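Novice: A structural model of the following input is requested.
(2 chains, ligands or ions: 2)
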Amino acid sequence: MSVLTVTNLRKSYGTVKAVEDINFTVEAGEVFTIIGPNGAGKTTTLEMIEGLQEPDAGAISINGLTWKKDESEIKTLIGVQPQSGALFELLTAEENLDLFASFYPRSRKTSEVLEMINLTEHRGKRVKSLSGGQRQRLAIGLAMINDPRVIFLDEPTTGLDPQARRNIWDIIMKLKALGTTIILTTHYMEEAEKLSDRVCIVDQGHIISLDTPAALISRLTQEREMRLSFHDGEEAASQTEKAIQSQPDIVRMERDGANLTLWSVKPEQSLYDLLGFTKEQGYRVEHVSIREMSLEDVFIAFTGKEWRD
Amino acid sequence: MKIGNQLMKLFLAQLKTMFREKQVWFWNLFFPVILMVIFMVIFGGGDSSDFKAKVALVKPQSNAAADSFEAGLRKVPVFEWKTEQAVSSEQADTWIKDKDVDAVIILPESEEAGDIQLIVNTENENNATSQAVRGILQQYVQQASFAAAGVEPAFQLQSSVVSGGDEDLSSADFLLTGMIALSVAQAGLFGMVDMVELRRTGLLKRLRLTPMRMGLYGVGGMMVRFILSFVQIVLLSLIGVFGFGANLHMDLPTLIVAFFVGVLAFNALGYLFSSFSKSIESYMGLANITSFLMMFLSGIFFATSGLPDWLKPVTQVIPLTYFVEGMRDGMVYGSGFLTSTFWSGMGILALWGAGAFALGAFIYRKGKVEAR
Ligand SMILES: Nc1ncnc2c1ncn2[C@@H]1O[C@H](COP(=O)(O)OP(=O)(O)O)[C@@H](O)[C@H]1O
Ligand SMILES: [Mg+2]
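Specialist: Numbers count the residues shown, from 1 in each chain, chains lettered A, B, ... in the order given. Ligands and ions are numbered 1, 2, ... in the order given. Okay, here's the model as predicted:
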């Protein structure tokens, strides 16, 4: 069952076309990630879906409801962590949660949410004195206080250190396990790959591609990069280079001293042949690696642009 | 039930936010107290000795109205008369110039009710004595015209005058009530900076994502502001009375009406400023200029008679003018609740409030449409 349907969404600010013709559908229980560089239109897309911005064109349906007709009902169905995690600075974590709970006809227990976002220990601390990661967790806590069907997280991990980022991932996984539909934006490829069921790559207001992370990667050419280093030095590397050159699957090869880098469209076959040769010659290979393709390569392949975090 | 709970939570959240902010303590409580103490020391003499003003009377024409007016005035105990008889205006001018008298009161030229004038030396026009004389005279004139309108029997005039110009009416009373009015007005003008902050931090947006009723947020906020201003009044009054011997003659209904209307009106002005201020700095600038101008143009501490003619009408439209009069009616004059001046003053104040609120709400709504 689809929880969210977005069709032909458009939004311009003056001459800036922030969002141009965005379409997607999110299924119940999915983690759906929108990834793209700064200014790609992620926040604008989310804010239109959340009812904060009026789209110039297009339609949004949440659980079959529309903003025009069912505003108050939609508000109880969704939870939002905005990019600028706005909180009451002089209230404590617990007071913030209590206050937001009072806005909804039905809400989760404050203690339960504090537990989920791992802030029970800091419940009595004013927001002002919380760390960046703790604030972000509280912002996510406020988004889940009404036990929403769909939760929107706008760049929840941007600017956090790796440990704090992992803590947020844990919360997202917990929410997913509870069956909450999660719509997430990020500009960390690694995060999208790790957390999402499906990834929507956007650039300059357009969707570039939309699929599961694995499918997106496999859509790229099969060419893989492999690296080997030889214990026996330059001579062994250069001999191997010569011997393997004729192998038809190998597209390209580079040697730097005792290190050999090669690109192959059939990495398994190439490696098999290569290791056969070295065994025959009695060369000892110190290090072998096949580089995994990532979403980053997908982005580069589709846009021809360098990916910048 | 749910709405009551929501209002309670919103009220408590804003109450905690306000009193956990050190700036609030400083500007709304500590600063007015310091300012009042300084004013009291400079202008008020700092003692509770009886207040006396040396005055002279000019009566261009003798008629029934003028005579009875004069008779009444002569009974005001704080006035010490230079002569038993009315004098010529030339003579009075000389006395003023030589500072032989603090003030000269000039009665109307004819019976067809004209203006009663008060003349003070320019050098003294801003001091507390001149202010006090002005206040007493205004009070007296108000009572007299009231009586002339036949609403109340004339004999009551005497007693109300006595209470109006009470025997120990001191400049401390004037400074105290002026300071209270100024503090409450400033709390309103500056307090709505929260709204700008709410927008700047994105909290306003965040709240709009929830089903919260913005109206309840506003009501909760107003409750907090009333509490703050109430604390201001109590604190300043205690210091004024026990530290500087101010004498209060409370008329509770009058005070309550003036307080409510005033707090609402000045908060509405602050709300209006917040609706079009993009930054805290611009809001603060606006509130500062407004409160500064009002302080000088309303005549709460300084006489406005020295203002150029084209500026004088401004005094008559400034809300602080009416607020301070209303608060003085309720706190020191002890004059009843049912005077037309009081109610017309409150009306003007309320008009300011309603107008500012309506315009602010309109700008907010328009801004929201744009942002959407
Ligand atoms: N309120 C606004 N006014 C003008 N331009 C805006 C506004 N909000 C966003 N934009 C522009 O729209 C584009 C998309 O912005 P945004 O949705 O915030 O991107 P992202 O969240 O992917 O970083 C950017 O070029 C940004 O400058
Ligand atoms: Mg963004």
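
Novice: need the contact list for the nearest residue to A:Ser102 once chain neighbours are set aside.
Specialist: Distance criterion Cβ to Cβ, 6 or more residues apart in numbering or on different chains; nearest residue to A:Ser102, sequence neighbours excluded, is B:Lys9 at 4.1 Å. Yep, even glycine has a C-beta here, placed from its N, CA and C like the rest. B:Lys9 sits next to A:Asp98, A:Leu99, A:Ser102 when contact means Cβ atoms under 8 Å, 6 or more residues apart in numbering or on different chains.

Novice: which of the residues you listed sits closest to ligand 2?
Specialist: Minimum distance to ligand 2 across the contacts of B:Lys9 is 25.7 Å, recorded for A:Leu99 (Cβ to the ion).

Novice: thought that closest one was touching A:Phe88?
Specialist: Yes - contact criterion Cβ atoms under 8 Å: A:Leu99 and A:Phe88 qualify, at 6.9 Å.

Novice: mutual contacts of these two, please.
Specialist: B:Ala13.

Novice: for ligand 1, what are the nearby residues on the stretch 1-150 of chain A?
Specialist: Within reach of ligand 1 by Cβ under 6 Å from any ligand atom, the stretch 1-150 of chain A has these residues: A:Tyr13, A:Val16, A:Ala18, A:Gly36, A:Asn38, A:Gly39, A:Ala40, A:Gly41, A:Lys42, A:Thr43, A:Thr44.

Novice: can you tell me which two in the residues you listed are farthest apart?
Specialist: Across those, the longest distance by Cβ to Cβ is 17.0 Å; it joins A:Tyr13 and A:Gly36.

Novice: so between these two, which is more surrounded?
Specialist: A count of neighbours by other Cβ atoms under 10 Å in any protein chain shown puts A:Gly36 above the other of A:Tyr13 and A:Gly36, at 23 against 11.

Novice: now do the contacts for the more buried one.
Specialist: Contact analysis of A:Gly36 by Cβ under 8 Å, 6+ apart lists A:Lys42, A:Thr185, A:His187, A:Ile201, A:Val202, A:Asp203.

Novice: now those residues in a markdown table, please, with extra columns for secondary structure and neighbour count.
Specialist: Formatted as a markdown table, the contacts of A:Gly36 follow (DSSP: H, G, I helix; E, B strand; the rest coil; neighbours: other Cβ atoms under 10 Å in any protein chain shown):
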| residue | secondary structure | neighbour count |
| --- | --- | --- |
| A:Lys42 | helix | 26 |
| A:Thr185 | strand | 24 |
| A:His187 | coil | 19 |
| A:Ile201 | strand | 24 |
| A:Val202 | strand | 23 |
| A:Asp203 | strand | 18 |
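
Novice: most widely separated two among those?
Specialist: Using Cβ to Cβ, the contacts of A:Gly36 span at most 13.2 Å, a distance reached by A:Thr185 and A:Asp203.

Novice: follow-up on the earlier one: neighbour-wise, which one of the residues of the stretch 1-150 of chain A next to ligand 1 leads?
Specialist: Counting by other Cβ under 10 Å, top hit in those: A:Lys42 with 26 neighbours.

Novice: now that residue, nearest residue through space, not along the chain?
Specialist: Nearest residue to A:Lys42 in three dimensions, chain neighbours excluded: A:Thr185, at 4.2 Å (Cβ to Cβ, 6+ apart).

Novice: the one you found and A:Thr44 touch, don't they?
Specialist: No - A:Thr185 is beyond contact range of A:Thr44, at 10.6 Å (criterion: Cβ under 8 Å).

Novice: what residues does the stretch 151-300 of chain B put near chain A?
Specialist: Within the stretch 151-300 of chain B, the positions near chain A by Cβ under 8 Å from any Cβ of the partner chain are B:Thr201, B:Gly202, B:Leu203, B:Lys205, B:Arg206, B:Arg208, B:Leu209, B:Thr210, B:Pro211, B:Met212.

Novice: ok, those residues vs ligand 1, which is closest?
Specialist: Using Cβ to the nearest ligand atom, B:Lys205 comes nearest to ligand 1 of these, at 11.3 Å.

Novice: the closest one: neighbouring residues, count only.
Specialist: 18.

Novice: and the host helix or strand of it, what does it pack onto?
Specialist: Element membership for B:Lys205, per DSSP states H and E: helix B:203-208. Helices and strands touching helix B:203-208, by 3 or more Cβ pairs under 8 Å, 6 or more residues apart in numbering or on different chains; DSSP states H and E, are helix B:193-200, helix B:214-244.

Novice: wait, does that helix make contact with ligand 1?
Specialist: No - figure legend: helix B:203-208 not in contact with ligand 1 (Cβ under 6 Å from any ligand atom); closest approach 11.3 Å.
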